[in-house]
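Student: this one's sequence-less:
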């Protein structure tokens, strides 16, 4: 149990996927112009990440590894995730239309979201078992949601602030991110 | 010839993938803690980009429109795997220090964006130059980032001691927040320079082609 808590805290705060590892920055900058949108994207990513790791873990350990096909990892994972997103989209459209309308626009966008693929690779690299993988996936994507929410909140304030024309638009967002990341460095000693 | 050179420069400066279109940001900050990593990543991405663009451009009339995305993904993933294995075989230390960011080239938005927006419609030679321009445009930004970060954060360049021994390395620049800061400042500098050049030129046509970039939205995919 304690190792699961450790994995969770490490992935959620200490090695936050956006602020400490720079993964999924495109959507971080692109989708945080309002709070609702960033939460929607964060939840959609959480959903797909957990689904994807539940599928790729068995594929790697039961299909690829026994047959000595580890080198196909990249190819297989990306195709599986793309197919999975499509399936989820069809399923939601048919059976849960309300959820589809809330999440639908984000689903095609996250097929090529780096966070999902990075999580599935990391689980293999770190040698996690199935339960650990799922906990890791949940923690990483909640960390993603947290970072999105933080920047979206700051952006609301930035809209009404006098910003030097030199830093206007995106540079100021990265500067803000840098300061948020400094704050997150403080979590580093949380786990020995 | 002049046209091809124009395509090349387009990716290098005018539509620089990192500073102007702002795609493929993930790896640019993660690997630039040392100059060697920056160069390695730049070359790796350029290889995948050029090869994927050329192959897809050569087969562009054979790929059915409805399933083009999966086809692109598989081509890109194949070249990423090749590059990953090459790196592991010939540069094991470099490959290890870049870790997960090498397989992540497969979802790098630069590759997918250029393949979808450019080489799926243009002839092979144009695509080749577009890939080279974009790849080198990405590489020089990586170099700029990593030079600042390695020099200030470690006092070295490519592993050689540059700063005098009295210089206390500022670890901040090696850590993630430093990456965001250096990127932000470089981007501000590059953008204001671009803006100044554009306004001084007062050429409407040029201004339009530069500032209405991803109108089709393809380049902005997550």
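Tutor: Arrived safely. Bear in mind the structure is a predicted one, so any value in this text is a computation, not a measurement.

Student: please make it C-alpha for all contacts and neighbour counts, starting now.
Tutor: Noted.

Student: by residue count, which helix of the chain is the longest?
Tutor: This is for chain A. For chain A, the longest helix by residue count, based on DSSP state H, is helix A:130-158.

Student: actually it's chain B I care about, not the one you picked
Tutor: helix B:124-154.

Student: ok, and what's touching whichever helix or strand comes after it?
Tutor: Scanning forward in sequence from helix B:124-154 by DSSP states H and E, the next helix or strand is strand B:156-157. Outside strand B:156-157, the residues that touch it by CA atoms under 8 Å, 6 or more residues apart in numbering or on different chains are B:34-35, B:147, B:150-151, B:162-163.

Student: same question, stretch A:115-122
Tutor: A:17, A:23-24, A:45, A:48-49, A:52-53, A:56-57, A:77-78, A:136-137, A:140-141, B:100, B:104.

Student: which of the residues you listed fall within helices?
Tutor: A:45, A:48-49, A:52-53, A:56-57, A:77-78, A:136-137, A:140-141.

Student: redo those as a markdown table? Include neighbour count and distance to chain B.
Tutor: Below are the ones in helices among the contacts of stretch A:115-122 laid out as a markdown table (neighbours: other CA atoms under 10 Å in any protein chain shown; distance: CA to the nearest CA, whole Å):
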| residue | neighbour count | distance to chain B |
| --- | --- | --- |
| A:45 | 26 | 11 |
| A:48 | 21 | 14 |
| A:49 | 27 | 15 |
| A:52 | 24 | 15 |
| A:53 | 25 | 16 |
| A:56 | 23 | 15 |
| A:57 | 21 | 17 |
| A:77 | 22 | 10 |
| A:78 | 24 | 8 |
| A:136 | 29 | 16 |
| A:137 | 32 | 16 |
| A:140 | 30 | 15 |
| A:141 | 28 | 15 |
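
Student: how many residues are close by residue 9?
Tutor: Since no chain was named, I'll use chain A. Residues near residue A:9, counting by other CA atoms under 10 Å in any protein chain shown, number 20.

Student: ah, no, chain B please
Tutor: 20.

Student: OK, contacts around residue B:123?
Tutor: Contacts of residue B:123 by CA under 8 Å, 6+ apart are B:57-58.

Student: can you give me the pLDDT of it?
Tutor: At residue B:123, the model reports a pLDDT of 90.

Student: go on, the one 4 residues further on?
Tutor: pLDDT recorded at residue B:127 is 91.

Student: next: the one 10 residues further on.
Tutor: According to the model's per-residue confidence, residue B:137 sits at a pLDDT of 90.

Student: thought residue B:8 was touching it, still the case?
Tutor: No. The pair residue B:137 / residue B:8 is not scored as a contact, 9.2 Å apart, by CA atoms under 8 Å.

Student: closest to chain A out of the contacts of strand B:156-157?
Tutor: Distance to chain A across these (CA to the nearest CA) is lowest for residue B:34, with 15.6 Å.

Student: quick one: residue B:8 from residue B:128, how far?
Tutor: Applying CA to CA, to the nearest Å, the value for residue B:8 to residue B:128 is 9 Å.

Student: okay, now the unreliable bits of chain A?
Tutor: For chain A, the stretches with pLDDT under 70 are A:103-106, A:108-109, A:112, A:192.
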